[in-house]
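Asker: Please find the sequence and the predicted model below.
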There are 4 protein chains.
Amino acid sequence: MSDTAAILEISPFDDLLGLALREAEGDSIAGVVEIRPELTQPIGMVHGGVYAAIAEGLASLATNRRVARRGAIALGQSNACTFLRPISAGQIHALARPCHRGISTWVWDVEMSDDAGRICAVCRVTIAVRERGAR
Amino acid sequence: MSDTAAILEISPFDDLLGLALREAEGDSIAGVVEIRPELTQPIGMVHGGVYAAIAEGLASLATNRRVARRGAIALGQSNACTFLRPISAGQIHALARPCHRGISTWVWDVEMSDDAGRICAVCRVTIAVRERGAR
Amino acid sequence: MSDTAAILEISPFDDLLGLALREAEGDSIAGVVEIRPELTQPIGMVHGGVYAAIAEGLASLATNRRVARRGAIALGQSNACTFLRPISAGQIHALARPCHRGISTWVWDVEMSDDAGRICAVCRVTIAVRERGAR
Amino acid sequence: MSDTAAILEISPFDDLLGLALREAEGDSIAGVVEIRPELTQPIGMVHGGVYAAIAEGLASLATNRRVARRGAIALGQSNACTFLRPISAGQIHALARPCHRGISTWVWDVEMSDDAGRICAVCRVTIAVRERGAR
């Protein structure tokens, strides 16, 4: 698979998590992950790194979908998560919305909720946009 | 395995990543992860979520090692990573150092480097310390 | 002025910035700051610390307005700003919206815009809620 | 004063805070701010925005001192502070150390302590380095 095709698909690590995409309005993107034992910390709650990874994966993919056509690629620059509600079962429902679409950076707000719609984590992800030849 | 024992061991998700602990001085803790294809984003670089997960796992475990004996447990509160150097092979070498050891929160600085010692990512992780009955 | 009255008013540092409150819907709160030379960095753009301070001030005040009646007080725990567009004149228009209203923490998203409505900075502020006798 | 000279000096907002520079080793930079009533929140503790502003000011100035000679300028990109200990008197002692010195970004760790050397706040500041003609 060429780089151009690859950056428009779920990445290997997102696949390991079990991330499945859901469509969303405009430039937003959504996804769900089924909670299973391998995604938890010692007492059965979803591991904080899972939320960070989902947010990173969705923000990167959604940015790539907009910038790949002009020969650019998304590279994560920072990822800041706040954990609000520990959960241990069901699905994680993630929605990523852009709050800045610049030439060299996109900034995303990602909200993750449980099956009852209660927010479990919020992440702010900054994605650098680089020319593909320049990386 | 009881909760008390579980929170002193590598968690299921850290195990999925392949995190292996290394001892470090004082309250610090270290770990390594072998880079393999399942841990990457679309063009073969380590996925940002992997760094966040390693940082979260080490900070949580190291906090639990200090607070478990008094009946408390570590719960991640926030995790902020800055990605500095994309890498695609070798090992990720992580070192977590506490920068605050409070009654209700511990704050950790986690630095992740490649095999040549170059910093790839830095994360600041805030861990809430809660009574185990109170969670 | 008693502590209870004080925590419901603009603080001394917010006053130094020139923060003026504007009402907003529900638990949200808004404010404006007139840009003047003392608020800038060396080349006349608004200093990043000004955005952080406005976000901190609004989030703290709005939290206090909800928790003061039950004898609690807001104490800033973390403040993370991303700067998106440098500006040098006019007003900074800030809107703070709660994204989590917990027992022990409130989390706020603060968006700051210029006179044309373009976003200049976004901040995520975590406010700890403590009993007033306990601080 | 030319831009080149201005970016090597304390900025107007840093001056409003009362920031005084102290030399430090290597690329690090230090500063102190005398706590006075105008820098506080409603109950007399240092306002969180003050810590963020000090961190932003020191990181920007120290970056400019390294990049100005090659025609570049520092522009704040993000600023994340964690508040650890509220204080109300004496001086804030700040030390900013670079943890990344890249072509397009510098990342700084800033630690702020009270007169007794106890850490009050830690901030991570990312500074974008731009060509001066390009801003």
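Answerer: Noted; the coordinates are in hand.

Asker: use CA for all of it now, contacts and neighbours both
Answerer: Noted.

Asker: Return the lowest-mean-pLDDT helix or strand in chain A as CSV; C-alpha atoms alone will do.
Answerer: Lowest on mean pLDDT, DSSP states H and E among the helices and strands of chain A sits helix A:3-6, with a mean of 80. Extracted C-alpha coordinates of helix A:3-6, given in CSV (Å, rounded to 0.1, in the frame of the first residue of the first chain):
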residue,chain,number,x,y,z
ASP,A,3,1.9,6.1,1.8
THR,A,4,-0.9,8.1,0.2
ALA,A,5,-3.3,5.2,0.6
ALA,A,6,-2.0,4.2,4.0
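
Asker: can you tell me if it touches chain B.
Answerer: Yes: Helix A:3-6 is in contact with chain B by CA under 8 Å from any CA of the partner chain, via A:3, A:6.

Asker: After that helix, which helix or strand is next?
Answerer: Counting by DSSP states H and E, the next helix or strand C-terminal to helix A:3-6 is helix A:12-17.

Asker: Can you give the distance of that following helix from its chain's centre?
Answerer: Chain-centre distance of helix A:12-17: 11 Å, with CA atoms, centre = their mean, to the nearest Å.

Asker: Contacts for that helix, please.
Answerer: Helix A:12-17 is contacted from outside by A:33, A:39, A:50, A:53-54, A:57, B:37-42, B:47, using CA atoms under 8 Å, 6 or more residues apart in numbering or on different chains.

Asker: top of those residues by neighbour count?
Answerer: Using other CA atoms under 10 Å in any protein chain shown as the neighbour test, these are led by A:I54, with 30 neighbours.

Asker: which one's the longest helix in chain A?
Answerer: Taking DSSP state H as the criterion, chain A has its longest helix at helix A:48-67.

Asker: helices or strands next to that one in the packing?
Answerer: helix A:12-17, strand A:29-34, strand A:72-83, strand A:91-101, strand A:105-113, strand A:119-131, helix B:48-67 (3 or more CA pairs under 8 Å, 6 or more residues apart in numbering or on different chains; DSSP states H and E).

Asker: Could I get these in CSV, plus columns for mean pLDDT?
Answerer: Shown next, in CSV, are these (pLDDT from 0 to 100):
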stretch, mean pLDDT
helix A:12-17, 98
strand A:29-34, 98
strand A:72-83, 97
strand A:91-101, 97
strand A:105-113, 98
strand A:119-131, 97
helix B:48-67, 97
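
Asker: how much distance is there from the longest helix of chain A to the middle of the chain?
Answerer: Centroid separation for helix A:48-67 versus its chain: 2 Å, with CA atoms, centre = their mean.

Asker: Return the set of buried residues in it.
Answerer: For helix A:48-67, a neighbour-count test (16 or more other CA atoms under 10 Å in any protein chain shown) marks A:48-65, A:67 as buried.

Asker: Run through the residues of chain A sitting next to chain B.
Answerer: Counting by CA under 8 Å from any CA, chain A sits next to chain B at A:3, A:6-7, A:9-14, A:16, A:37-43, A:47-50, A:52-54, A:56-57, A:76-84.

Asker: how many neighbours does A:G76 have?
Answerer: Neighbours around A:G76, by other CA under 10 Å: 24.

Asker: show me the contacts for the spatially closest residue to A:A30 that is not a sequence neighbour.
Answerer: Spatial nearest neighbour of A:A30, excluding adjacent residues (CA to CA, 6 or more residues apart in numbering or on different chains): A:L95 at 4.4 Å. Counting by CA under 8 Å, 6+ apart, A:L95 touches A:24, A:28-31, A:110-112.

Asker: hmm, which of those residues are the buried ones?
Answerer: For the contacts of A:L95, a burial check counting by 16+ other CA under 10 Å picks out A:28-31, A:110-112.

Asker: Take those residues and lay them out in a markdown table including distance to D:W106.
Answerer: Converted to a markdown table, the buried ones among the contacts of A:L95 look like this (distance: CA to CA, whole Å):
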| residue | distance to D:W106 |
| --- | --- |
| A:S28 | 30 |
| A:I29 | 31 |
| A:A30 | 32 |
| A:G31 | 33 |
| A:V110 | 26 |
| A:E111 | 29 |
| A:M112 | 31 |
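
Asker: and which of those residues is nearest to chain C?
Answerer: Closest approach between the buried ones among the contacts of A:L95 and chain C, by CA to the nearest CA: A:E111, at 9.6 Å.

Asker: so how far is chain B from the closest one?
Answerer: 14 Å (CA to the nearest CA, to the nearest Å).

Asker: With A:D115 instead?
Answerer: Separation of A:D115 from chain B (CA to the nearest CA) stands at 20 Å.

Asker: which one of the contacts of helix A:12-17 sits closest to A:T126?
Answerer: Within the contacts of helix A:12-17, proximity to A:T126 (CA to CA) peaks at A:G57, which comes in at 11.8 Å.

Asker: Could you give the number of residues near the closest residue to that closest one other than its chain neighbours?
Answerer: Leaving aside its chain neighbours, A:G57 sits nearest to A:D14 (6.3 Å; criterion: CA to CA, 6+ apart). Neighbour count of A:D14, defined by other CA under 10 Å: 25.

Asker: and what of A:R22?
Answerer: 12.

Asker: next one: the one 10 residues further on
Answerer: If you count neighbours by other CA under 10 Å, A:V32 ends up with 20.

Asker: Quick check: bridge partners of the closest residue in space to it that isn't next to it in sequence?
Answerer: Nearest non-adjacent residue to A:V32, counting by CA to CA, 6+ apart: A:H93, 4.7 Å away. Beta bridges link A:H93 to A:V32, A:S113, judged by DSSP bridges.

Asker: Residue numbers of chain A in contact with chain C?
Answerer: Applying CA under 8 Å from any CA, we find that chain A lies next to chain C at A:84, A:100, A:119.

Asker: quick one: which of those is most hemmed in?
Answerer: Highest neighbour count within the residues of chain A next to chain C: A:L84, with 23 neighbours (other CA under 10 Å).

Asker: what's near enough to touch that one?
Answerer: By CA under 8 Å, 6+ apart, the neighbours of A:L84 are A:119-122, B:77, C:100.
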